[in-house]
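A.B. asks: Take this sequence and fold it.
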Amino acid sequence: MFGRKKFDSSGKIIVNKKVRLGVAFGGGGLRGIGHIGVIKAFEELGVKPDFTAGTSAGSIVGALYAAGFTSAQMLEEVKKLRVRDIKNSFFIWCPSDSENIESMLKKIFQKDLMFSELKIPFTVVATDIRKGIEVEIKGGSVAKACSGSSAVPGIFKPVEYEDMHLVDGGLKNNVPADVVRNMGANVVFAIDVNRGRGHGIESMKTLDVLRASLGMVMQANVQKRLEFADLLILPGLEMFSSSKIGDIDAMVQAGYDAVMSQKDLIVRYLTERPAFKITRLSRKLSRLKLNYKNKKHKNKVDE
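C.D. replies: You can find the predicted model right below:
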């Protein structure tokens, strides 16, 4: 007669003990500020992920979140930010130093924070430009890993990390829903702050063409990775630039609204027993097992 209680006395969601929530923070340049609004809504609802992963701008916000920063603290830091703090060149033939991103994060953390010191398990997704492969970083310096994940080709110099040359993780995996799924999450929320990518542009300026080209590449990989997500959060940030600081409060509000507009669905995912999600990988494994069984059966028949 009476259903399971979904909220506690303070209005926070009472999460099912079987739920292991993973949150994927997508890339999008300065549109990544919208992630702060998402986190603000999570705080109000009592949403606390067990696993997190981030790409590019999502790696920076995700790192702050995994380190224990609140949305209010993040907003305070963002409002101090100036583009010149992270970009010291505006010429494509002379990209900015990626160390600027690393230094900024170390200053915010007040130390060279290690992954082992984070409060929530966190993975940074980057691209090794030497081998052309996706890289998942889970150890070492958080700031350095995030600088590599955020090093947009032509805008920032690649980051030397161990034996790799890291650039923007969005080239391979811009919304790493699959990463948090593989970390152990059985419910995955994916945040895409740059859903306007891949639509083309009228401008023929070199930087604009480069950004549009990267957007088209990223859009292709985003669609594949989102199959691993249960819930997609899409802040309305298309009117904001990914390379210029816009109305920060409006961007944060867009992230907040994107979560609250799906509050009922979020409550359902977190309060109900997680359903088994069949991913492309598990479907492929199932087909391989079926083919093996059929082949084995055929061999017996032939005998």
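A.B. asks: What segments of the chain are strands?
C.D. replies: 21-25, 51-55, 122-128, 133-137, 159-161, 164-167, 187-191, 231-233 (DSSP state E).
A.B. asks: helices or strands next to the fifth one in the packing?
C.D. replies: Using 3 or more Cβ pairs under 8 Å, 6 or more residues apart in numbering; DSSP states H and E as the contact criterion, the elements in contact with strand 159-161 are helix 142-149, strand 164-167. For the C-beta atoms, the positions are set from N, CA and C on the backbone; glycine is no exception.
A.B. asks: mind listing what it pairs with, with the direction of each?
C.D. replies: strand 164-167 (antiparallel) (DSSP bridges).
A.B. asks: my guess is R130 contacts L166, does it?
C.D. replies: No - R130 lies out of contact with L166 (Cβ atoms under 8 Å); the separation is 9.3 Å.
A.B. asks: Same drill for these two, tell me which one is more crowded.
C.D. replies: More neighbours surround L166 than the other of R130 and L166, with 26 against 12 (other Cβ atoms under 10 Å).
A.B. asks: which one is that one nearest to, not counting chain neighbours?
C.D. replies: G148 (2.9 Å; Cβ to Cβ, 6 or more residues apart in numbering).
A.B. asks: Can you check the distance spanned by stretch 46-61, start to finish?
C.D. replies: 18 Å (Cα to Cα, to the nearest Å).
A.B. asks: List the buried residues of it.
C.D. replies: 47, 49-61 (16 or more other Cβ atoms under 10 Å).
A.B. asks: So which helix or strand of this structure has the lowest pLDDT on average?
C.D. replies: Least confident element among the helices and strands of the chain, by mean pLDDT, DSSP states H and E: helix 280-302 (a mean of 45).
A.B. asks: So, low pLDDT: which residues of the stretch 201-303 of the chain?
C.D. replies: Along the stretch 201-303 of the chain, the model assigns pLDDT under 70 to residues 201-221, 276-303.
A.B. asks: hey, where'd the helices end up in it?
C.D. replies: 206-225, 248-260, 263-271, 280-302 (DSSP state H, counting those that start in this stretch).
A.B. asks: Now the third one - C-alpha only, CSV.
C.D. replies: So the one you mean is helix 263-271. Taking Å, rounded to 0.1, in the frame of the first residue of the first chain, the C-alpha atoms of helix 263-271 are listed here in CSV:
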residue,chain,number,x,y,z
LYS,A,263,14.1,15.6,-11.4
ASP,A,264,11.4,12.9,-11.6
LEU,A,265,13.5,10.7,-13.8
ILE,A,266,16.6,11.3,-11.6
VAL,A,267,14.6,10.3,-8.5
ARG,A,268,13.4,7.1,-10.3
TYR,A,269,16.9,6.1,-11.3
LEU,A,270,18.3,6.6,-7.8
THR,A,271,15.5,5.1,-5.7
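A.B. asks: just the angle between that helix and helix 248-260, please?
C.D. replies: Compare the direction of helix 263-271 with that of helix 248-260 by axes from the mean of the first three to the mean of the last three Cα atoms, to 10 degrees and you get 60 degrees.
A.B. asks: picking that back up, could the buried residues of stretch 46-61 go into TSV alongside pLDDT?
C.D. replies: Formatted as TSV, the buried residues of stretch 46-61 follow (pLDDT from 0 to 100):
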residue	pLDDT
V47	98
P49	98
D50	98
F51	98
T52	98
A53	98
G54	98
T55	97
S56	95
A57	95
G58	97
S59	98
I60	97
V61	98
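A.B. asks: Would you format these as CSV with distance to E162 included?
C.D. replies: Below are the buried residues of stretch 46-61 laid out as CSV (distance: Cβ to Cβ, whole Å):
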residue, distance to E162
V47, 34
P49, 27
D50, 28
F51, 23
T52, 22
A53, 19
G54, 20
T55, 19
S56, 20
A57, 23
G58, 22
S59, 17
I60, 20
V61, 24
